[in-house]
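Student: coordinates only, sequence not included:
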């Protein structure tokens, strides 16, 4: 469907001429005065309103005022006679997108409408993005009900609205950037930029330029001026991940920013003030590094205004079923694949697994399940040995018997564990189970899916 456009002008030949010029691209509505325009606005959703300024004793300003009060706001363009520029500028202050002098240049009008619609679309996308960010990084959007996570979120709620520098600590994969984004989205800077940088991903000479920017000719290859991340994050938040990896020269510059709220680009002596909040993260012990001389002690205390320590997933066992359900659903929808279900036994095994890679490891595990299984129920026989070994703890196969399982299921579990412990060697597996090799062979013929590794010839 073509977008709706309203032309408001008391001169019939102007209305008709504009209608002929625009009807190929728009569904055109006509009004000879503001009252007729109001009736159209109340009846039709409009994308564009093109109005004359003077219509007898009536003013196009009232049309502009009505249009910008609508829930679905159209872009408004004012048409003015020569010498009415000041009034047109006033219309723009009241909400008009732009103005054109009469007689109207149709090429210029077409360009102006296109630019206005593009601007409107960009604003709508920007608002939608902010809405999604607010939802995603709200506290309700962070999955988990464990006491360890709730303590973290309580602290985030307290520090979010402040201007304090934040240091987030925790193991790799615990979600430090997610918490940093939540701090930003729940602060007064939420409409400003959130600028992340991974300090370990860049060599020290490039990191300094990336953070503080450089002037043309500052070093070999600096052919143009570059704005650094500190300036890009002005009125927003700069997130420095793996802060423990920065070298001593960059540490000094970072310390100066924290003391003066100003920076200098490489190759320049000009001081630039920036209103940037700093949130840092590390999986290292910065205090220990400072005591050993590997990190500036004064910088550590400047960064350590508020510390938020993220718990590893192994102490958030109550959150694991929630995370599994979330990521399985996410990757199923993303790939348009059926969502697999987890048996009760698998959920117990995965909840007991220590997840050394934390949430990142669990996320990758769920994506793997969705892609390789395409629905169906996941049982313990579908899990990799690392999960079962973690639960069994290296125990003898006879100790993995569960009275809650059927005899056949217990026998299959014992056989699988024996094969895992023997590395797939059937002779050793038979010895572990206390049966003959021929008996074990018959069981594998019956349950071939348990034969995790064929015996070398």
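Tutor: Done, it's in. Quantities reported herein were computed from a predicted structural model and do not represent experimental measurements. Numbering: from 1, shown residues only.

Student: which ones are touching the residue nearest to residue 214 when sequence neighbours are not counted?
Tutor: With sequence-adjacent residues excluded and distances taken as CB to CB, 6 or more residues apart in numbering, residue 214 is closest to residue 266, at 3.8 Å. Quick note: C-beta positions are derived from backbone N, CA and C, even for glycine. Shown in contact with residue 266 (CB atoms under 8 Å, 6 or more residues apart in numbering): 208, 209, 212, 213, 214, 215, 218, 219, 222.

Student: So the first one lies in a helix, does it not?
Tutor: So the one you mean is residue 208. Yes: when DSSP: H, G, I helix; E, B strand; the rest coil is applied, residue 208 is found to be in a helix.

Student: could you measure it against residue 261, distance?
Tutor: From residue 208 across to residue 261, the span is 18 Å (CB to CB, to the nearest Å).

Student: So for the two, which residue has more residues nearby?
Tutor: With neighbours defined as other CB atoms under 10 Å, residue 208 and residue 261 compare such that residue 208 has more, 20 against 12.

Student: Next up, the contacts around the residue nearest to the more buried one when sequence neighbours are not counted.
Tutor: In space, and not counting its chain neighbours, residue 208 is closest to residue 250: 5.1 Å by CB to CB, 6+ apart. Applying CB under 8 Å, 6+ apart to residue 250 gives the contacts 204, 207, 208, 211.

Student: Please tell me I have it right and the third one contacts residue 253.
Tutor: Pointing back at residue 208 there. Yes: here residue 208 reaches residue 253: they are 6.9 Å apart, a contact under CB atoms under 8 Å.

Student: Assign a three-state SS to the closest residue to residue 357 other than its chain neighbours, would you?
Tutor: In space, and not counting its chain neighbours, residue 357 is closest to residue 173: 4.9 Å by CB to CB, 6+ apart. Assigned with three-state DSSP, residue 173 falls in the coil class.

Student: and residue 435, how far is that from residue 18?
Tutor: Remark: distance between residue 435 and residue 18 (CB to CB) = 92 Å.

Student: Quick check on those two: which one has the bigger neighbour count.
Tutor: residue 18 (20 against 17).

Student: Could you check which helix or strand contains the more buried one?
Tutor: For residue 18, the host element (DSSP states H and E) is helix 12-22.

Student: can you pull the buried residues of that helix?
Tutor: Across helix 12-22, burial judged by 16 or more other CB atoms under 10 Å covers 14, 15, 17, 18, 22.

Student: Contacts for it, please.
Tutor: Contact with helix 12-22 is made by 5, 7, 9, 28, 30, 32, 50, 52, 102, 104, 106, 109, as judged by CB under 8 Å, 6+ apart.

Student: Now, those residues that are in strands?
Tutor: Secondary structure from DSSP state E places 5, 7, 28, 30, 50, 52 of these in strands.

Student: what domains does the record give for the protein?
Tutor: Residue ranges for the domains of the chain, per automatic domain parsing: 4-130, 139-311, 316-450.

Student: export the ones you listed to JSON lines and tack on mean pLDDT?
Tutor: Listed next are those as JSON lines, based on pLDDT from 0 to 100:
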{"stretch": "domain 4-130", "mean pLDDT": "86"}
{"stretch": "domain 139-311", "mean pLDDT": "90"}
{"stretch": "domain 316-450", "mean pLDDT": "79"}
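
Student: Would you map the strands across the stretch 151-300 of the chain?
Tutor: With DSSP state E, counting those that start in this stretch, the ranges of strands along the stretch 151-300 of the chain come out as 166-169, 194-198, 237-241, 262-263, 272-273, 277-282.

Student: Touching the first one from outside, list them.
Tutor: Strand 166-169 is touched from outside by 159, 176, 179-180, 183, 243, 278-283, 286, 303-310, with contacts defined as CB under 8 Å, 6+ apart.

Student: so residue 46 touches residue 4, yeah?
Tutor: Yes: contact status for residue 46 versus residue 4: in contact at 4.8 Å, counting by CB under 8 Å.

Student: Quick one: residues contacting the closest residue to residue 192 other than its chain neighbours.
Tutor: Excluding its sequence neighbours, the residue lying closest to residue 192 (CB to CB, 6+ apart) is residue 236, at 3.1 Å. Each residue near residue 236 by CB under 8 Å, 6+ apart is listed here: 184, 189, 192, 193, 194, 195, 276, 277.

Student: Ok, residue 370 next?
Tutor: For residue 370, the contacting residues are 328, 331, 332, 335, 337, 339, 340, by CB under 8 Å, 6+ apart.

Student: Give me the neighbour count for residue 360.
Tutor: 15.

Student: in what helix or strand does it lie?
Tutor: Residue 360 belongs to helix 358-373, assigned by DSSP H and E.

Student: Now do the buried residues in that helix.
Tutor: So for helix 358-373, counting by 16+ other CB under 10 Å, buried means 358, 359, 361, 362, 363, 365, 366, 367, 369, 370, 373.

Student: How about stretch 103-115?
Tutor: So, applying 16+ other CB under 10 Å, buried residues of stretch 103-115: 104, 109, 112, 113.

Student: which residues does the first one contact?
Tutor: Applying CB under 8 Å, 6+ apart, one finds that residue 104 lies in contact with 14, 18, 79.

Student: and the closest residue to residue 10 other than its chain neighbours, how many neighbours?
Tutor: Distances taken as CB to CB, 6+ apart place residue 55 nearest to residue 10, at 4.0 Å, with adjacent residues excluded. Residue 55 has 20 neighbouring residues, counting by other CB under 10 Å.

Student: May I have the beta-bridge partners of residue 55?
Tutor: Residue 55 has these beta-bridge partners by DSSP bridges: residue 58.

Student: measure it to residue 153 for me?
Tutor: Relative to residue 153, residue 55 is positioned 58 Å away (CB to CB).

Student: do the same with residue 326
Tutor: Taken as CB to CB, the span from residue 326 to residue 153 is 17 Å.

Student: which residues does the residue nearest to residue 264 when sequence neighbours are not counted contact?
Tutor: Once flanking residues are discounted, residue 264 sits nearest to residue 271: 6.0 Å by CB to CB, 6+ apart. Residues near residue 271 by CB under 8 Å, 6+ apart: 260, 262, 263, 264.
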